[in-house]
Each structure stands twice: as C-alpha cells, then as structure tokens.
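> All I have is the shape, not the residue letters:
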Ligand code: SF4
C-alpha cells in the first residue's frame, strides 16, 4: 500500500531476457539444471539477467536455491582473476605482475618438463573441489607422477571408503533414499551444500506422504531443524549410538534373515584355525567363498542356486579345520553388554530409552510396513522372484560422522545397520544411482610406478585388497609425498591432500620441485593449522630458497591461496566454460535413471580487450599436456590431440566406445552409453537442456548388484565390460589381511610401533573407539567439543564474496549453549577466547540452545583474510568472521612416546576435523575484532565497489 492509500503499480511480467540458455549450476556440488536468462546490451554483448531452475532437469526439477540464483553475482564478481599472474613480491604478499598466457604457459612448461625427464615424483598435483577428476587424474597419470589426489582425504573419504568396501557405493552423489516410498528417514551429520535440492525436495515429498524424519546431529540447523525428531548427539559417538541400535535389533530378533542369507556375506564361513588364514573366508579351489548349506549339509560356493545357508554354527572346512559364519561372529560381538543402550547412553548424550525406541521404530517400519512391487526378476544365481520386497527405512549421512578419527568404522557401522534391516537397494530404502554400486574388485588398486618421461603404471588411487597394494618404495618408505597408502593410513583411497604441504615443506619422504594445485584454498579454510600452513608455504632452506621451490595455482577468484603462488593460471566462471558431469566421475544419475550433463559457455568469455583474459582450467591442462608431449595428449606426430576441453569431452575415449559423455554417441548420435565419438554430441546436449538421461528397464530397477537384468543393462551402457554381481560385505576381508600382517604374518608387515594400532583399528566388523584428540586431552581442561556446520547459503569459501549471499552470512558468531553462556557470564554479542591444545582464537558469541550442551559451533569458511576476495579490508568477514581451523592441528598433542601421531583416521587418513576439544573464557575488554590477525594481503584484483546495484547499467 502506498502512502496515499493506492496500490503500487507492479509490472508482474517484466521483459527479463532475450534468450534463455540451459546449463548446469556450480554454486554447490549438487549440479542442478539452470535456465540462464540473457539480455543483449547496447554493445551487443549478452549479459546474464536472471537464473532460474530447469523444470525438466532430473536433479532439481525446477527448484533453485538462494545460492543458485546468486550465481549471477558469482559470475560478475569483482574478485574474479583477470589475467595470468607472475609473483613479484615475497610469497604471501599478494604482489604480482600480470602476464600474457603465452608467457604463463611457457613458464609452466619450463618448470614441468625437466622434472618429468629427471624424476616425475617431483611434481605434486592436487585438486580441490573440482568436478573433473577423471581428466585431472588421467593427466597426472600420463605425466607420470604418483603424487596426485583430489580433496577427499580432508573431506569425506571415510564415507566413500566405508561405502565401497561394504556396499560397493556410498551416500551423497552415489545413492539416494527412495523418496517416493520411504516412511522413515534418518539423516546423520549432513551439510546442506551437497545434494542439496534433491534432499530438500525429497524431505518435502516424504513429509507429504506422512513419513517421519529423524535428524542426528549435535546442532539443530538445516535438515535437523525441519526433522520431526532431533537427536542432539555428542560429537564422535555416532558409531556407538548406531552399534547400540544394532545390539537392540539383534536382541529383539528384528533383522532380515532372508536378505542376509541371499544378498550379503552373513553366511560366509570364516576360518577359525590359528595361523595365517585365521579370520579369512573359507574358499573352494576356484577361490569362491563358501557357506554351509543346511539342505545338503556341506560347504557350497555362496553363489550356487537353491542354497539354504546356515547363519550360525561351527562347521568343518574342506582343509580339515573349523569355521563359523560371519553372522554368528557379528551377533556375538554386538550382543555384548558394552553395546547395550545403557552402556553407551552417557557417552552419546542420548537416553537409553530413546535408543531403544528408535531401534524399535526402525524395525516396525522395516518389517511391519514392508512394501512389495509386483515385478518378476531374476537374480545372479538364476533364481526367479515374483516381486521386489521393500523395507521403507532409509538413511543418509555425510561429513559429520565421517570427519573423526573413528569415522571409517562409524560409517561402516551405519551400513551394517542398513543391511541388517534389509533396506539397501530395495523399494523404500537407500538406492544406488548407476553406475554404482560396483564391488571393490571393479575398482583399481593404487599405483606408484614412476619413471622418467613415462606414464605412471596405472591409476594413482584405488582400493587396496591387502598389504601388498600399499604404495611403499622398495625400502618400505612412502612412495607418495602425502604418505597415502602407507601403514599409517593404509586405505587412504582419496589420497591425503591435507598432508601435502607439510610433507613437501619438510621434504619428507623426499623433496618435490613443483606444487601444482587447483581450486583448493589451502592457505585458509581448507587447511588445519592455517597459520602454520602459511609458514610452510613461505619457509626457506639454508640456501635461502623456498622449501617448496615452485607453486602453480589455478583459481577463478582472488582467494587467500592465490597470494602464495609463484604462477597463477586464472580460471573462468562456471558460466563461461565447458564442463562435463561425467559417469566417469561423480554422476548426476537417479536411482531409476542414468544421466550426465554438461556446462557450456552460455556467456562469451571476456576478451583481452576488456582487460580480462582467463581460460578454463581443464582446457589449460589439455594445452599443457600437449606442450609436454604427454601420451594421449598428442598424436603420432606430436601434435595436440585435443583443441580444448570441449574437444576432449567429445573425442576422448577411455575405453573403446566409452568416453566422458554417454549421451548421443555413435557417428549418427543414435547410441547411448557405448559408441564412437559423435562430432555433434555437444549440440545434442544443448538442445536437450544440457543433460542426457535414460531410464532403467523395470526389471532392473531394484537389487542392482544381484539383479541379472541390471547387470546386463550396465554392460550395455559401458559401466562394466562383463556382469559384476556381488553381495554386500558385512565382514571386510581386506581389513583382516592388514590385521594378519600386524600379527606377524606375510611378507609385508607394519613397523612395530604401528602393530597394535592396526590390530585394534582394522577389525573386519565395525568397532568404536574414542576419537584420538578427545582421548589425548584432559577433558577437565578442554571440556567442550567444537565443530563447524556448512551454511546452506554458501558453498565453502566461494559464497562469502558473493554480494547477495554475503547479506545472509556476513559474519559468523560462535554459537554456545545457554548453560555454558551462563556458566561463563556471557551474553549475546560478547567476545570470548576459545582455546584448544593447539591454539587460541578470539570470537563473538551468540546463544543457541538447539545444541548438544557440551558442544560449541560456528559456520564454516565465513571468516576471510584482509585483502583477499576483493573485499573491503574492513569487511565484517575479516573483522568479525573467523575460522576454527586455527585451533586444529594436523598432528595430535604429544603423547609422551616420542612420536607425533597424525590427527586422522588410522584406516583412511581422513582429517579428523570434528574431534576438536576446547575451553571457552570471556575475553578481556578490548578491540572487538576476531583473532588471530594475520595481516593484509595485497589484492591482485583491487577492491570491489562499495555498492553493487542490480538493474539497468549494472555490473
Ligand atoms: S542446490 Fe546447488 S547446484 Fe542446486 S541450485 Fe542450489 S547451488 Fe545450484
């Protein structure tokens, strides 16, 4: 209503755009389809005016979040890098000279070529949260260095590894609850910036259908805030809570025995004869695991049709010893009093009665509300079934339970719970998205064989089957600069990016020459011990040379890490480049459909004449590959094989007929999955809205790993070259092989100081131990847990320079429970000092009672360093924003044994971000700015305008 009482005249259908181009969002890892509205400006250039969701897209079906619509501000951000940069001042100063691409690429080639000839290990190439790992890993493999990984080691490798070793796939992009049919959904420790819109849409659907959502998280934000029940668990105790529910299900007999017999290794026989085979599966002469068949009263291969396998008992083995089924060992273990709800309640901060009730609710929905879909299908044993039986209970989890030093076994425990309920790959349960699940056997093992001017002898990363697959040099020393796949972290299947800088600066296990990184803000929010990492990046040796001699970094924005590079290769924004969301990488599939997608330049890249000359990193990598003459990047005459990334997306073949994109293959574009390259493939994607999708045949939709129709379809689509059926692994035999080595068996054994740790942690059935940092510190001195949550409105650090999103989170208080506030005389807006065994920060506080009372928390990656991201140096992000990272160290506090143990999971090496213990004290009156203050970097892109206006003539 206007002041004069009249209604305002609103134009409800303004002329928004002249053209709509459909591509894929990159404002978070969710990869929604977007319609980008463009309008022709007087100069003829098309400008982005508006972004909305693509209603036909399988990921978001038109839904767009605040981040997605704010992509417009990301694209026109003043923090965008403009040209290649050559460092002129000391590292970290931010002093650079802009150079042309020819010079930048010549410098990079001059640095990379000699070390490839001399010793390819001298290159360490690590990428952050990019979505082109199938290209970057292949590039590194062709270069020949073993030192490659992406960021999984400091993110959620525990979840990924536990999923693959147990189920052949994991949560987040690799599977989904069956939103249409699930009745009870339990979600653990999930940030809202992954799989975001599908989960929001799914929760809405589930609630509309009358289902229940249970959120398990120390903090009640995001999904937990809309949950029907919130379980405010104490950090690091999720595994104990889950195993107590397993205890209850076993005690009350609420497990799906038919499912366990048919689709898991529950009946597989375990060798119980002391010696080098103790604890391994009993196998026949062909290597097939055996079960005890009650019908024939003898041991039979597990995949023989018509078996009646025993789940308990003591049985003879073909070799004359004794054996026991996996299920009996499980039942014995988890029925022990130590896993009873009463025994774990105090530690978990959850009443025993609540644990018991939740287990009963899971069982009630799984077994009393079972569903059935009439659809005949045939399993891999050749047995015919008339329907799919569904258990409508589903789970989802991510970094919250993963980023602990007990995270791998916790994630395994959750998968065991799902399987006991029979709720994986069934109607109403958790379902995989093709090409998952894939058994461990379908994944590579790690490779380390580097040689002068030659490619590595296989993929860097993989899934070790036993000690023989560790990446150790002949003398037993680590083969990789990050020390992945060593006895300290044998199953570090995503590498250990968080250890690269400290190891490279220490020149341990060897010196490198070039550190090459992409999209990883290691000098700020992506590192533990942030100030220490800055020192390592600038450390010099006795001769005055940097201990890490050369650093190449690629980013689209002026992040804190840019200032620490010697050479900066400026990337484009996501609206200016080609990208490929590939089945060879992280798929965007649905449980019922296979799908992939592209990005393409919906906006013309800025030109040199406009003062901004940037190139998509993937195209730059392909250019460098050709300049270096890497195999696969040049033809027989040594000429570049691919013009750019778009050309690679269309013409590269990883195996005959299988390339980065599965849609519209074959010369005529009429083949899918497999087929020759199609020169018009990208045009077909663009015509179709930027994605391709094909539904599974009805018979193939459920029970994928055991379903013959799915297996045949997967071969046709090119996921496998032959059917790869498998059963879920409750008991993980490769883990037992590491234990056997620690017990003194086999040629490759761990050093003595690690034997006990491997024996204890590599239990082939999940166990729980107190997180290492919590066990190492005095709980009286550091009584609180401290964790971060990812804001729904931001994707890591990138969102905090976005003019629209900054209005949602311009600063981050430390949220403290009311009881702790009162005990320390704190009120909203006060300043407090937070101290860990490693450091101290000064922060503003705010009361938050929707919180586990022994925990404090803050939003992740809001704090910024002065001078970075083109922000005003006095912006709230730099003055009041802060990072918890300063309190976390990559090493544990000294234990007095002369060793500094890594602050990570002993199985996978996952960084244990959430094990942090702190104490809080009211700060002395003084300047109200967050601490530590780390000084101002010079900005290579200047500072953004004070106001950003959206409308006519804006930019
Ligand atoms: S959920 Fe992520 S990918 Fe989807 S619109 Fe939002 S920011 Fe974009």
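Arrived safely. Keep in mind the model is a prediction, meaning the values are calculated, not measured.
> Determine the set of other helices and strands touching the lengthiest helix in the chain.
Taking DSSP state H as the criterion, the chain has its longest helix at helix 101-118. Helices and strands touching helix 101-118, by 3 or more Cβ pairs under 8 Å, 6 or more residues apart in numbering; DSSP states H and E, are strand 85-87, strand 123-127, strand 514-518, strand 550-555, strand 567-570, helix 617-627. Where you see a C-beta, it was placed from the backbone N, CA and C, and this is true even at glycine.
> Just want the angle from the longest one to strand 514-518.
In other words, helix 617-627. Between helix 617-627 and strand 514-518, the angle comes out at 150 degrees (axes from the mean of the first three to the mean of the last three Cα atoms, to 10 degrees).
> if I look at the residue in the stretch 251-400 of the chain that the ligand sits nearest to, how far off is residue 410?
Proximity of the stretch 251-400 of the chain to the ligand (Cβ to the nearest ligand atom) peaks at residue 398, 14.6 Å away. According to Cβ to Cβ, to the nearest Å, residue 398 stands 12 Å off from residue 410.
> The two: which is more packed in?
Set side by side, residue 398 and residue 410 give different neighbour counts by other Cβ atoms under 10 Å, the larger being at residue 410 (31 against 22).
> Doesn't the more buried one belong to a helix?
Yes: according to DSSP: H, G, I helix; E, B strand; the rest coil, residue 410 belongs to a helix.
> ok, now which ones touch the nearest residue to it once chain neighbours are set aside?
In space, and not counting its chain neighbours, residue 410 is closest to residue 239: 3.5 Å by Cβ to Cβ, 6 or more residues apart in numbering. Neighbouring residues of residue 239 by Cβ atoms under 8 Å, 6 or more residues apart in numbering: 401, 406, 409-410, 413, 766-768.
> and residue 239, which of the three is it?
Here residue 239 is helix, with the state taken from three-state DSSP.
> who in the stretch 201-350 of the chain is up against the ligand?
By Cβ under 6 Å from any ligand atom, no residue of the stretch 201-350 of the chain approaches the ligand.
> Residue ranges in this structure under the pLDDT threshold?
Low-confidence segments of the chain (pLDDT under 70): 1, 193, 606-609, 949-955.
> Just the element for the closest residue to the ligand within it, please.
Here the chain gets closest to the ligand at one residue, residue 68, 2.5 Å apart by Cβ to the nearest ligand atom. Element membership for residue 68, per DSSP states H and E: helix 66-69.
> so what secondary structure elements neighbour the following helix or strand past that helix?
Next helix or strand after helix 66-69 toward the C-terminus (DSSP H and E): helix 71-75. Here helix 71-75 touches strand 46-53, going by 3+ Cβ pairs under 8 Å, 6+ apart.
> Mind listing the strands the strand it packs on pairs with, and their directions?
Applying DSSP bridges, strand 46-53 is found paired with strand 33-40 (antiparallel).
> got the contact list for the partner strand?
16-25, 46-54, 56-60, 64, 68, 71, 575, 597, 602-603, 689-691.
> Please pick the buried ones from those residues.
Neighbour-count burial (16 or more other Cβ atoms under 10 Å) applied to the contacts of strand 33-40 gives 17, 21-25, 46-54, 57-60, 64, 68, 71, 575, 597, 602-603, 689-691.
> ok, the nearest residue to residue 107 once chain neighbours are set aside - contacts?
Nearest non-adjacent residue to residue 107, counting by Cβ to Cβ, 6+ apart: residue 567, 5.6 Å away. By Cβ under 8 Å, 6+ apart, the contact list for residue 567 reads 84-87, 104, 107-108, 111, 550-553.
> quick one on the thing from earlier: what about the helix holding residue 68, distance to the chain center?
Offset of helix 66-69 from its chain centre (Cα atoms, centre = their mean, to the nearest Å): 21 Å.
> how about that helix: buried residues?
Applying 16+ other Cβ under 10 Å to helix 66-69 flags 67-69 as buried.
> same check, this time on stretch 291-301
Judged by neighbour count (16+ other Cβ under 10 Å), stretch 291-301 contains these buried residues: 291-293, 299-300.
> Now tabulate those residues in JSON lines and tack on secondary structure and distance to residue 789.
JSON lines is the format used below for the buried residues of stretch 291-301 (DSSP: H, G, I helix; E, B strand; the rest coil; distance: Cβ to Cβ, whole Å):
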{"residue": "291", "secondary structure": "strand", "distance to residue 789": "45"}
{"residue": "292", "secondary structure": "strand", "distance to residue 789": "48"}
{"residue": "293", "secondary structure": "strand", "distance to residue 789": "50"}
{"residue": "299", "secondary structure": "strand", "distance to residue 789": "51"}
{"residue": "300", "secondary structure": "strand", "distance to residue 789": "50"}
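> From the residues you listed, pick the one nearest residue 704.
Lowest distance from residue 704 to these (Cβ to Cβ) belongs to residue 291, with 22.0 Å.
> host element of residue 598?
Going by DSSP H and E, residue 598 is part of strand 593-599.
> what angle do that strand and strand 33-40 make?
Orientation of strand 593-599 against strand 33-40 (the same axes, to 10 degrees) gives an angle of 30 degrees.
> so how far is strand 593-599 from its chain's centroid?
The answer for strand 593-599 is 19 Å, by Cα atoms, centre = their mean.
> Kindly report the same for stretch 353-373.
Taking Cα atoms, centre = their mean, one finds stretch 353-373 lying 30 Å from the centre of the chain it belongs to.
> Endpoints of that stretch, how far apart?
Criterion Cα to Cα, to the nearest Å; first-to-last residue distance in stretch 353-373 is 35 Å.
> now swap in stretch 267-274 and tell me
21 Å.
> Going by neighbour count, list what's buried in it.
267-273.
> can you redo those residues as CSV with secondary structure and distance to residue 203?
As requested, those are arranged in CSV below (three-state DSSP; distance: Cβ to Cβ, whole Å):
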residue, secondary structure, distance to residue 203
267, coil, 36
268, strand, 37
269, strand, 42
270, strand, 40
271, strand, 45
272, coil, 46
273, coil, 50
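> Using TSV, lay out the residues you listed together with distance to residue 215.
Formatted as TSV, the buried residues of stretch 267-274 follow (distance: Cβ to Cβ, whole Å):
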residue	distance to residue 215
267	35
268	35
269	40
270	37
271	42
272	41
273	46
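> ok, so of the residues you listed, who is nearest residue 941?
Looking across the buried residues of stretch 267-274 and measuring by Cβ to Cβ, the closest to residue 941 is residue 268, at 59.3 Å.
> what sits against the closest one?
Contacts of residue 268 (Cβ under 8 Å, 6+ apart): 281-282, 289-291, 302, 325-326, 731.
> Can you name the residues bridging to it?
Per DSSP bridges, the residues bridged to residue 268 are residue 291.
> Write out the residues of this structure neighbouring the ligand.
Taking Cβ under 6 Å from any ligand atom as the contact definition, the chain meets the ligand at 25, 27-28, 30-32, 60, 64-65, 67-68, 196-197.
> now those residues in CSV, with secondary structure and distance to residue 507?
Listed next are those as CSV, based on three-state DSSP; distance: Cβ to Cβ, whole Å:
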residue, secondary structure, distance to residue 507
25, coil, 41
27, coil, 39
28, coil, 37
30, coil, 40
31, coil, 39
32, coil, 44
60, coil, 47
64, coil, 48
65, coil, 45
67, helix, 41
68, helix, 44
196, helix, 41
197, helix, 45
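> angle of the longest helix of the chain against strand 514-518?
Going by the same axes, to 10 degrees, helix 101-118 makes 130 degrees with strand 514-518.
> Quick one: distance of helix 101-118 to the chain centre.
31 Å.
> Identify all contacting residues around it.
With contact meaning Cβ under 8 Å, 6+ apart, helix 101-118 is reached by 84, 86, 122-123, 143-144, 452-453, 513-514, 516, 550, 552, 567, 569, 613, 615, 620, 623-624, 627-628.
> Which members of the residues you listed are classed as buried?
Using 16+ other Cβ under 10 Å, the buried ones in the contacts of helix 101-118 are 84, 122-123, 143-144, 513-514, 516, 550, 552, 567, 569, 613, 615, 620, 623-624, 627-628.
> Which parts of the stretch 551-700 of the chain are helices?
617-627, 645-651, 681-687 (DSSP state H, counting those that start in this stretch).
> Check the secondary structure at residue 185 for me.
The three-state label given to residue 185 by three-state DSSP is strand.
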